[in-house]
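Chemist: please work out how this folds:
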Amino acid sequence: MDAMLRPGLSRQLSAAAMQIPMLSSPLKQTNEIDWVEPLKHHIRTAYGDDPARYADECHTLNRLRQDMRGAGKDSAAGRDLLYRYYGQLELLDLRFPVDENHIKISFTWFDAFTHKPTSQYSLAYEKASIIFNISAVLSCHAANQNRHEDTGLKTAYHSFQASAGMFTYINENFLHAPSTDLSRETVKTLISITLAQAQEVFIEKQVVDKKKPGLLAKLAAQAAYLYAQAVEGVQDNVSRAIFERVWLLMVQIKQHHTASLAQYYQAIADYEANSYGQAICRLQAAQGANKEATRMANSFPGSVPSNSNLTSETGTILVEMTKKHASAIQELLTEYIRDNDMIYHQPVTSENNLPSIPKLPAAKAIPVSELYQGQDIQRIIGPDIFQRIVPMSVTESASLYDEEKAKLARAEAERVETADDELATSLDYLKLPGSLNILKGGLDQESMGVDEDFRSWCGELSGHSPFGPTFEQLREDKQNVHSTLDSCTKSLDMEESVCEKMRSKYGGEWTQQPSSRLNSVLRTDARRYRAAVEEASTSDAQLFNSFRQYESDFDEMRSAGETDEADVLYQRAMIKAGAGKKGVTSPGAAEEGNLLDDDFADDARQSVAEQIERVEELMRKLQLVKRERQQVLKGLKDKIHNDDISNVLILNKKAITNQEAQLFKSELEKFRPHQNRILQANHKQSSLMKELTRTYGDLLQDKRVRSEQNKYEAFSRQRNTVLGKYRKVYQAYTGLQAGLSRAQQFYDEMRDTVDSLKKNVDSFVENRRSEGGQLLSAIEAAKGSGADREQARLKELMERMSVSPATQSSASPIPSMGDRTSAHRPPPLQPQTAYNSQPQYNPAASPPITPRYPSNGVQSPQYGQQYPTPTNGTFAQLAQQQQRPQSYNTQQQQQSQDRSAYNPNTYGPVSPPAHQQYFSPPPSQQYSSFQQPTTSQYGTQQQPPQQQQQYGGQNVPAGWQPGPPPSQDYGAVGESQYPAGPGGYASDPRRTAAQQSGGDPWAGLSAWK
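Modeler: Sure, this is the predicted structure:
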C-alpha cells in the first residue's frame, strides 16, 4: 500500500513547492509634523525645567517620525523604524499628554485603501496608525518571503501571526475609528486573512516535513474555515468599495483550495485506515472543490491594481496550482477506484454522509505585550528618549515601593538580629566557650591575673590629692558667705532703726521716706542667698559621709596605683574573699592536672575527649551559620538599595492604576531567594543548638566534669565579689570628685553674688545717711538758736546710730558725748576661740536635707541631688536684682524735689510695736540678745493718728515710740561647733579684731551734717 501511495504524495509535494501568492495590507501615508516646539513648551510649563536641556531628545523624536514616513513596506529596516517609533510613542505617552487640551499637534493620515485624509489631535490616533502600518509591513514581509527555504517559512509564519496580533490590538484599544481602514469590521477581516495565511504557511511546512496525512487534513480544514470567515468580511468591504475585487477572488480561491486539500489528505488517511469507499468519496469531494477553485482562478484578471499588493503573475500561479492539484486528485482517485473494484469491493459513501474533518488551529495572534518583551524588539526600540523626565505620579509610586522595600529589609534584619541574640543567649546560658576551656585545662594564668578594670581604677586614683583640705575650704567659703550676709542684714537694720527714731522725734518735719519701702528687695535677696547656702550644706554633709565611709579604700587603691602594686591589692582581696592562691586551690593549679590527664579508663578518657571535640565542632558550625546569615543579609540590603523600578512604573503607568500593591508584590518576589536563605540558616541554627545542648549536657553529667565546673563557678563568684566591692569604691571616688567640683563652683559663684549684694547695701546705706544728714541740718536751721540744746542731743543720738567706724568729730558741739554714752554701753562679748582650736570639721552633724551633688555619670545614691546653681532660681534673678539699688540716687533726687509736698501721715505707723525694738526679725531668730536702755531720757512725743502698716512682718501699733539704739555688736554672735544649725554652717568663728571690739554705732551722727 505504501508503494501505491508514493506517486500521489510526490505530485502533491511538487505542487506545494510552488510559491503560492499571499495577500498583504497596504500602508497608510501621513504628512510631516513638528514635535520639537510643542514638547519644549510643555517641559517649560508642566515640569518647570529648562527645555534647552532636552533639545536633543526632542529632535531625536522628530527624526524618528520623519524616518518612519519613508519606511519601505517590504524591508526589515522599515519594520524596525516603525517598531522604534511606536515604542517611543508609548514611553512618550507616559510623560506628555498629547491631546487637544495640552500638547496640541495635528496628526494627518491617509486611508490605506481609500486614500482619504483624516486629521486628529489625539496621540491615540497616531499610535493606531503606526500600529496599522506595523501590521501592514509585517504582512508584506511575510508575503514576500522565500518559503522554499526553512528560514523563510518560519519568518512568514511568525510575521503573519504578529501582524494579526497588531490588528487585534487596534480592535481592542481603539474603539472609535476615525477612518475606514481602522474600523472594527475592516480590521477583523484583516485578522482573519493573516491568520488563515499563517495557517497555510504552517501546512506548507508540515508537507515539506512529510507529516501524516491525518494531521495535514486537520490543519487544512482549519485553514478553509479561516478563509471562509475572511470571505464574508472581504465581500462586505468590496461592496463598500474599500477592498479591491481581486482580494475577494484570491480569498475564495484559497478557501476552495484548502477545503480540497483537507479532503485530499483525509482520503489518504481513510485509505490507510482501510476505509476505501470513504476515501474514494473524499477524493471526489476534493475534486469538486478544486474544480470551483480552478474556475475562479481562470477568471482572475491578468492585471491587478497596484493597491492590492499582488503581482500580475498571481492569476497564472493560482491556475497552475489548481491544475496540479486536480491532476494529483485524479491520479489518486483512479488508483483507489481500481483497487476497490478489484480487491476491497467497499461501497462508496455518499458525500452528504461524510463525517466532518476535525480542525486543528496552528496559528494565533501574538499579543503586543508578548511581542514587545522579546529581546530583539527591546534592542530595536532602544533606550527611553525622555528617561531623564520622571512624572510626579511615578515618583510617588517609587517612594511607596521604597517603603515596601524598607519594610522587607527591616523585617529580615530583625529576623537575623533575633537569631543572633538567641544564639548569644544560648551560648551564654551554657557558659560557652569559657567553660569549655575550664574542662580542657582549668583556668589559665590570664584568668588568674588582675582584672584590667581594677588596674585602671587604681591608676585613676593614683596621685589624687586628699579630700580633707577641700572640705576645709568649703567650710571657710560658707562661713565667709554667712558673715557677708550677716553684715548686710545688720547694716539694713541699723539704717532702718535710725530713720524711724528720727521720724518719731520730729514727726511731720522728718520727710525722709521709710526704709522698709526701699530695702525690701535687698532683704529678700539676702534671705534667699542664706537659704541656698543652708541647702548646700546638707550636700556637703552627705559628701563628707561618703568620704569617711570609703577613705581607707581610697588610700589603698591610691597607694596601689602609685606603687604599681594593683596585683598585690587584688590578690589580697581575693585571699580575703577565700579564692586566692593561698586559699582554696584554684582549678588551674598545676599540681591537680587537667581533666584529660586524669587517671580515667581508656574508654572513658576517649569518651570525654570526643564529647569535647564534638561540642567544639558544633560551635564552629554555629559560627559559620551566623556568618553566612550576615552575608546573605548584606547581599539583600545591597540588592534592595540598587533596585530601581522607575522604568517599570513608567511602562506600567496606565496599567497599574489602583493596582500598585499587586505590582509591588510581584517586584518584591525578586528578593525571595535571599529571604529563603535566611530562613534556612535560622532553621539550621535551631537544629544545631538543640544538638549542642544535648551533647554539652551529656558532657556535664560526668562526675569529674561536674567537680571542675563547680570549682570554676566558685572562683567566678569570688572574683565578682571583689570586683563589685572596688567598683563601688571607684564610683564613690568619681562621685566625690564631681560633687566637690560642683560645690566649689557653687561657693565661688555665691561669694561673688553676696559681695555684689554687700556693695549694693553699702551704697544704699550711705545714700540714706547723706539724705538724713541734709534733712537734719534743715530742721535744725529752722528751729534757730532756741533749740541748741535739743539739737545737740539729737546730734548725739544720730552719731550713736551711725554705722561708720567710731570717730569723734572735732566739730561736735558736745565733745564729751562719747564718754558719757560709753558708760551706759554693756561690756563686749568674750573673745572668740582661735581658729586653730576649732574642732575637726564634721558635716555629718548637719541634718540631712534634700540637695545633693550628681556623681558625674556614675550614679551613686549618696549624691543624687545638686547644689543650687544660677540656673535653678538661686542665682538666676541675682544679676537683675543687684542692679536695682542703682535707682536709689534717682529716687532720692525725686524725693528732695517733692519734699515740700511731703505728708508724714501718708506713711501710716512708722515705729515698731511696743514689744519689739527693731523692724527686722526678732533678735532671738538671727542675732544674740542685747541690752536695751530705758526710753525715759528721750521723753514722749505726740504721734499723729496713722493707719496701720506692716514692716518686717510685724503690725506697728499707733502711738508707739522706740527706745534708744542698741549698744550690742552684731558681729559677735554665739559660738557654735561646725556644723551647727539647719544649714550646717551657723556662723563664722573667725572675726577680725575690729569686728570683735565693735565700733560705736552712734559715733557717725555728726557726719550727717
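Chemist: just the helices in the stretch 101-250 of the chain please.
Modeler: 123-143, 150-173, 184-208, 213-239, 245-272 (DSSP state H, counting those that start in this stretch).
Chemist: what's the closest of those to residue 427?
Modeler: Set against residue 427 and scored by Cβ to Cβ, the helices of the stretch 101-250 of the chain come closest in helix 150-173, at 62.7 Å. Glycine gets a C-beta too; all of them are placed from N, C-alpha and C.
Chemist: centre of the chain versus the closest one, how much separation?
Modeler: 52 Å (Cα atoms, centre = their mean, to the nearest Å).
Chemist: model confidence over that helix, on average?
Modeler: For helix 150-173, the mean pLDDT works out to 92.
Chemist: what sits up against it?
Modeler: For helix 150-173, contacts defined as Cβ atoms under 8 Å, 6 or more residues apart in numbering pick out 22, 25, 124, 128, 131-132, 134-136, 138-139, 141-143, 145-147, 182, 184, 187-188, 190-191, 194-195, 197-198, 201-202, 204-205, 208, 363-368, 370-371.
Chemist: report the contact partners of residue 183.
Modeler: Counting by Cβ under 8 Å, 6+ apart, residue 183 has contacts residue 177.
Chemist: report pLDDT for it.
Modeler: According to the model, residue 183 scores 91 on pLDDT.
Chemist: center of the chain, which residue is that?
Modeler: residue 406 (10.5 Å; Cα atoms, centre = their mean).
Chemist: for that residue, pull up the helix or strand it's in.
Modeler: Element membership for residue 406, per DSSP states H and E: helix 392-429.
Chemist: and that helix, what does it pack against?
Modeler: helix 602-642, helix 646-651, helix 660-668, helix 672-700 (3 or more Cβ pairs under 8 Å, 6 or more residues apart in numbering; DSSP states H and E).
Chemist: wait, which of those helices is closest to residue 355?
Modeler: helix 660-668 (48.0 Å).
Chemist: may I see the buried residues of that closest one?
Modeler: 660, 663, 664, 667, 668 (16 or more other Cβ atoms under 10 Å).
Chemist: and for stretch 223-240?
Modeler: Neighbour-count burial for stretch 223-240 [16+ other Cβ under 10 Å]: 223-231, 233-235, 237-238.
Chemist: cool, and stretch 535-549?
Modeler: In stretch 535-549, the ones that count as buried by 16+ other Cβ under 10 Å are 535, 536, 537, 538, 539, 540, 541, 542, 543, 544, 546, 547.
Chemist: pLDDT-wise, what's the bottom of those residues?
Modeler: Within the buried residues of stretch 535-549, residue 547 has the lowest pLDDT, namely 82.
Chemist: nearest residue to it in space, please, no chain neighbours.
Modeler: Spatial nearest neighbour of residue 547, excluding adjacent residues (Cβ to Cβ, 6 or more residues apart in numbering): residue 467 at 5.1 Å.
Chemist: what's the distance between the one you found and residue 53?
Modeler: 73 Å (Cβ to Cβ, to the nearest Å).
Chemist: for the two, indicate the residue with more neighbours.
Modeler: Between residue 467 and residue 53, counting by other Cβ atoms under 10 Å, residue 467 is the more crowded of the two (19 against 11).
Chemist: ok, that one to residue 94 distance?
Modeler: 78 Å.
Chemist: kindly report the same for residue 315.
Modeler: 49 Å.
Chemist: for residue 733, same thing?
Modeler: Distance, residue 733 to residue 94, by Cβ to Cβ: 71 Å.
Chemist: so which of these two has more stuff around it?
Modeler: residue 733 (25 against 20).
Chemist: am I right that the more buried one sits in a helix?
Modeler: Yes. Assessed with DSSP: H, G, I helix; E, B strand; the rest coil, residue 733 lies in a helix.
Chemist: quick one: residues contacting it.
Modeler: Residues in contact with residue 733 (Cβ under 8 Å, 6+ apart) are 460, 461, 464, 550, 554, 557.
Chemist: one more: residue 754?
Modeler: Counting by Cβ under 8 Å, 6+ apart, residue 754 has contacts 481, 484, 485, 488, 529.
Chemist: repeat that with 10 Å
Modeler: 480-485, 487-488, 525-526, 529-530, 533, 761, 878 (Cβ atoms under 10 Å, 6 or more residues apart in numbering).
Chemist: just the buried residues from those residues, in PyMOL please.
Modeler: In PyMOL syntax, the buried subset of the contacts of residue 754 is picked out as below (16+ other Cβ under 10 Å):
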select buried, resi 480+481+482+483+484+485+487+488+525+526+529+530+533+761+878
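Chemist: closest to residue 213 among the contacts of residue 754?
Modeler: Nearest to residue 213, judged by Cβ to Cβ, of the contacts of residue 754 is residue 878 at 117.4 Å.
Chemist: how about the buried residues of helix 660-668 in TSV, adding pLDDT and distance to residue 751?
Modeler: What follows is the buried residues of helix 660-668, written out as TSV (pLDDT from 0 to 100; distance: Cβ to Cβ, whole Å):
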residue	pLDDT	distance to residue 751
660	76	71
663	82	74
664	84	70
667	86	72
668	89	69
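Chemist: tell me which two of these sit farthest apart.
Modeler: 660 and 668 (12.0 Å).
Chemist: hey, what's in contact with both of the two?
Modeler: Common neighbours of residue 660 and residue 668, using Cβ under 10 Å, 6+ apart, are 401, 404.
Chemist: show me the buried residues of stretch 535-549 that map onto helices.
Modeler: Mapping those onto helices (DSSP state H) picks out 535, 536, 537, 538, 539, 540, 541, 542, 543, 544, 546, 547.
Chemist: tell me who's in contact with the most far-flung residue of the chain relative to its centre.
Modeler: Here the chain reaches farthest from its C-alpha mean at residue 342, the gap being 95.7 Å by Cα atoms, centre = their mean. With contacts defined as Cβ under 10 Å, 6+ apart, residue 342 has no neighbours.
Chemist: kindly report the same for the one 3 residues further on.
Modeler: Contacts here follow Cβ under 10 Å, 6+ apart; on that basis residue 345 touches 276, 277.
Chemist: for it, give its distance to residue 277.
Modeler: Distance of residue 345 to residue 277, given as Cβ to Cβ: 9 Å.
Chemist: do residue 508 as well
Modeler: Taking Cβ to Cβ as the criterion, residue 508 is separated from residue 277 by 159 Å.
Chemist: same question, residue 179
Modeler: Residue 179 is 55 Å from residue 277, by Cβ to Cβ.
Chemist: got the contact list for the residue nearest to the centre of the chain?
Modeler: Neighbouring residues of residue 406 by Cβ under 10 Å, 6+ apart: residue 640.
Chemist: quick check: it vs residue 660, distance?
Modeler: Per Cβ to Cβ, residue 406 is found 16 Å from residue 660.
Chemist: just residue 762 next, same as before
Modeler: 81 Å.
Chemist: go on, residue 121?
Modeler: 30 Å.
Chemist: residue 156 now?
Modeler: From residue 156 across to residue 660, the span is 42 Å (Cβ to Cβ).
Chemist: same check, this time on residue 760
Modeler: Distance from residue 760 to residue 660, counting by Cβ to Cβ: 74 Å.
Chemist: equivalent analysis for residue 123, please.
Modeler: 24 Å.
Chemist: residues in a beta bridge with the nearest residue to residue 115 once chain neighbours are set aside, which ones?
Modeler: The spatially closest residue to residue 115, leaving aside those adjacent along the chain, is residue 29, at 7.7 Å (Cβ to Cβ, 6+ apart). Per DSSP bridges, the residues bridged to residue 29 are residue 110.
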